[in-house]
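K.L.:
Quick one, what's the 3D model for this:
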Amino acid sequence: MNRNFERVIAVILVLVFAWAGFQMGEKSGRAESVDKEAVKVAADSKRQLDSEFQATQGKLEANKAKLKTLENYESKVAQLRGDTSRLASELKSLDGQLEDKQAELKSLTGRITRERTKPVQLPAGRFKVGRDLRAGRYQVFGESNFAVYSADGDLKVNTILGDNGNASYVCDLEDGDSIQAESSVTFQPL
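P.N.:
Numbering: from 1, shown residues only. Down below sits the predicted model:
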């Protein structure tokens, strides 16, 4: 009986070990299944994080480009402010020069006006308008025979000035006209 008993015990032990091994294998299989699920979830999470990382990195690069553009604008603004300041100083200087030139022009205009309205006296003789006397409208005074011929030689004016004729005579003289006076005459610009 001892032998039978030993055989039964051996069979029971084999069955217990078999059953324990089966249980372990089943748990191991479940663990592998759980591990595969965890790996899949982790891989999905990694892919999502990688995608988010790529998107964030793209935004970062775009923002770096915008920042560089803003820095360039700031540099240009600083340069333009310097240019504006320099140009404002230059404008102020030019305004001063302009005022000086305007005063000079006003003075010269006054002198020209006085010269143009200043009477011109010519002695007896022949004279050319445009060379000896400026073209324009004049009132002529004097004691003389006074004649004006056009550039073509046509008689335009023939009068006697003074006590024996007209006290004065108003005429338009054009470039190229010839003037003939027997004595001194005065031309007053009008």
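K.L.:
Dead centre of the protein: give me the residue that sits there.
P.N.:
Centrality entry for the chain: nearest residue to the mean C-alpha point is Leu80, 11.3 Å, by CA atoms, centre = their mean.
K.L.:
can you tell me the helix or strand for that one?
P.N.:
helix 2-117 (DSSP states H and E).
K.L.:
to the chain's geometric centre, what's the distance from that helix?
P.N.:
Put simply, helix 2-117 sits 35 Å off its chain's centre (CA atoms, centre = their mean, to the nearest Å).
K.L.:
shift numbering so it begins at 125
P.N.:
Let's use 125 as the start, then, which means that last one is helix 126-241.
K.L.:
Okay, buried residues for the next helix-or-strand element following it please.
P.N.:
Next helix or strand after helix 126-241 toward the C-terminus (DSSP H and E): strand 244-246. Residues of strand 244-246 classed as buried: Leu246 (neighbour count, 16 or more other CB atoms under 10 Å). The C-beta positions use only the backbone N, C-alpha and C, and glycine is treated the same way.
K.L.:
ok, strand 244-246: who's next to it in the sheet?
P.N.:
With DSSP bridges as the test, strand 244-246 is paired with strand 309-313 (antiparallel).
K.L.:
one step back: now the helix holding Leu204: mean pLDDT?
P.N.:
For helix 126-241, mean pLDDT rounds to 82.
K.L.:
by contact count, what packs against it?
P.N.:
Helices and strands touching helix 126-241, by 3 or more CB pairs under 8 Å, 6 or more residues apart in numbering; DSSP states H and E: there are none.
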